[in-house]
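K.L.:
pasted the sequence and its predicted model underneath.
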Number of protein chains: 2
Amino acid sequence: MNRMIEPDLSAPVDGRQSQRALEIQRGTARLLRRHGFVSLPEMTLKSGRRADLFAINDKGEIWIVEIKSSIADFRADNKWPDYWDYCDRLFFATNQETPADIFPQDAGLIIADAHGAEILRDVEAQKLAAARRKAVTLRFAQLAAARLHAIHDPGIPTHIEPNKI
Amino acid sequence: MNRMIEPDLSAPVDGRQSQRALEIQRGTARLLRRHGFVSLPEMTLKSGRRADLFAINDKGEIWIVEIKSSIADFRADNKWPDYWDYCDRLFFATNQETPADIFPQDAGLIIADAHGAEILRDVEAQKLAAARRKAVTLRFAQLAAARLHAIHDPGIPTHIEPNKI
């Protein structure tokens, strides 16, 4: 991975995201696109948790990718199985510096750098309930369009109430 | 309307859009937001036609706004009723320089400038079929996120196949 490159990365960047996490995010979003999934970073769910990458394809299938840029980053999160309530497939994405064997088998695993990624281990789909799929798709639609609107017309809020899903 | 202001307007700009149309687009997108609708400009539909503003609220209701920046612009379009196949409410949006009485009663009417807009005449909703609503919501989600992704990671395509809806 070329540390000289500072990728211009998607969406709200705050103190919770390290540079390494942002590199993984960019590479993973490219991978998702190759698989037909358009992704949105940092989507807050009804549970109050934020999905690092929330991705949807043209069949309406939903993948969530949780980015863990170090062993400590993964170990600080013991509620990750909750994301299964919002997706058909759940993946972790990490970098080559983080040992793959710390990640549990009941989520997929993606290895990424700033330029791309690959799926090291897939995971069996757990089909989302129709009402939940509908609600999160609608929220994704509104959030993506609101962020885009705010880029083109500064002053427009990007906040969309998450409490309906 | 202050002609000195050159608004930085949303999404793909091509030769088909005049400056006046872009001003109407910006003001109308702000109006839609106040009504709880997040909008996306230039969304191509299954019919091959592009909706000038395709908007969705948190109940999944869909409005389409067709921008007509002059009498000639309106008269050049005799297929506008087709948009009713893709929305719950259809509006025209124009500026104060265009006579309001040229616009038909079977669509709503919005008067806009670059800074804002108002609904001059509402229109009764025609409820969209569930399958169509689902398909266009999904397409909106993908298109908005793809445009956002391309802004943050140049080289990513914004094109999303429209042929499923």
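P.N.:
Done, it's in.

K.L.:
can you give me the helices for chain A?
P.N.:
A:19-34, A:71-75, A:130-152 (DSSP state H).

K.L.:
output those helices as TSV; include the columns mean pLDDT, mean neighbour count and distance to chain B.
P.N.:
Placement of C-beta: from N, CA and C, glycine included. Listed next are those as TSV, based on pLDDT from 0 to 100; neighbours: other CB atoms under 10 Å in any protein chain shown; distance: least, CB to the nearest CB, whole Å:
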stretch	mean pLDDT	mean neighbour count	distance to chain B
helix A:19-34	96	23	6
helix A:71-75	94	14	22
helix A:130-152	96	22	4
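
K.L.:
now do the contacts for the closest residue to residue A:74 other than its chain neighbours.
P.N.:
Spatial nearest neighbour of residue A:74, chain neighbours left out: residue A:68 (4.1 Å); criterion: CB to CB, 6 or more residues apart in numbering or on different chains. For residue A:68, the contacting residues are A:74, A:77, A:92, A:93, A:94, A:98, A:103, by CB atoms under 8 Å, 6 or more residues apart in numbering or on different chains.

K.L.:
and the closest residue in space to residue A:125 that isn't next to it in sequence, what does it touch?
P.N.:
The shortest distance from residue A:125 to any non-neighbouring residue, by CB to CB, 6+ apart, is to residue A:88 (4.6 Å). Applying CB under 8 Å, 6+ apart to residue A:88 gives the contacts A:61, A:62, A:63, A:125, A:126, A:127, A:128.

K.L.:
right, and the last one touches residue A:84 too?
P.N.:
If I follow you right, that is residue A:128. No: using CB atoms under 8 Å, residue A:128 is not in contact with residue A:84, being 9.0 Å away.

K.L.:
neighbours around the closest residue to residue A:91 other than its chain neighbours, how many?
P.N.:
Nearest residue to residue A:91 in three dimensions, chain neighbours excluded: residue A:108, at 3.8 Å (CB to CB, 6+ apart). Residue A:108 has 19 neighbouring residues, counting by other CB atoms under 10 Å in any protein chain shown.

K.L.:
and residue A:108, how far is that from residue B:142?
P.N.:
Distance of residue A:108 to residue B:142, computed by CB to CB, to the nearest Å: 21 Å.

K.L.:
going along the chain, name the strands of chain A.
P.N.:
A:38-44, A:50-56, A:62-67, A:89-94, A:108-112, A:117-121 (DSSP state E).

K.L.:
residue ranges with poor pLDDT in chain A?
P.N.:
A:1-17, A:159-165 (pLDDT under 70).

K.L.:
how does it look with 50?
P.N.:
A:1-11, A:162-165 (pLDDT under 50).

K.L.:
centroid residue for it?
P.N.:
residue A:53 (1.2 Å; CA atoms, centre = their mean).

K.L.:
ok, that one - contacts?
P.N.:
A:25, A:28, A:29, A:32, A:39, A:40, A:41, A:63, A:64, A:65, A:67, A:93.

K.L.:
what do you get if the cut-off is 6 Å, keeping everything else the same?
P.N.:
Contact analysis of residue A:53 by CB atoms under 6 Å, 6 or more residues apart in numbering or on different chains lists A:28, A:39, A:41, A:65.

K.L.:
so it bridges to which residues?
P.N.:
residue A:41, residue A:65 (DSSP bridges).

K.L.:
sorry, back to before: phi and psi next, for the residue nearest to residue A:125.
P.N.:
phi -90, psi -30 (degrees, to the nearest 10).

K.L.:
hmm, stretch A:115-123 in reach of chain B?
P.N.:
No: using CB under 6 Å from any CB of the partner chain, stretch A:115-123 stays clear of chain B, coming no nearer than 10.3 Å.

K.L.:
that stretch spans what distance, first to last residue?
P.N.:
Terminal residues of stretch A:115-123 are spaced 23 Å apart (CA to CA, to the nearest Å).

K.L.:
show me how far it is from its chain's centre.
P.N.:
Offset of stretch A:115-123 from its chain centre (CA atoms, centre = their mean, to the nearest Å): 13 Å.

K.L.:
give me the contact list for it.
P.N.:
By CB under 6 Å, 6+ apart, stretch A:115-123 touches A:27, A:28, A:30, A:31, A:89, A:107, A:108, A:109, A:110, A:111.

K.L.:
check stretch A:135-146 too.
P.N.:
A:40, A:56, A:86, A:158, A:160, A:165, B:38, B:40, B:56, B:60, B:137, B:140-141, B:144-145, B:148.

K.L.:
what sits against the closest residue to residue A:62 other than its chain neighbours?
P.N.:
Nearest non-adjacent residue to residue A:62, counting by CB to CB, 6+ apart: residue A:87, 4.6 Å away. For residue A:87, the contacting residues are A:62, A:63, A:64, by CB under 6 Å, 6+ apart.

K.L.:
with neighbour count added, can I get the residues you listed in CSV?
P.N.:
Output for these, formatted as CSV (neighbours: other CB atoms under 10 Å in any protein chain shown):
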residue, neighbour count
A:62, 23
A:63, 23
A:64, 24
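
K.L.:
any idea how far the residue nearest to residue A:125 lies from residue B:62?
P.N.:
25 Å.

K.L.:
cool, and residue A:82?
P.N.:
Taking CB to CB, one finds residue A:82 at 31 Å from residue B:62.
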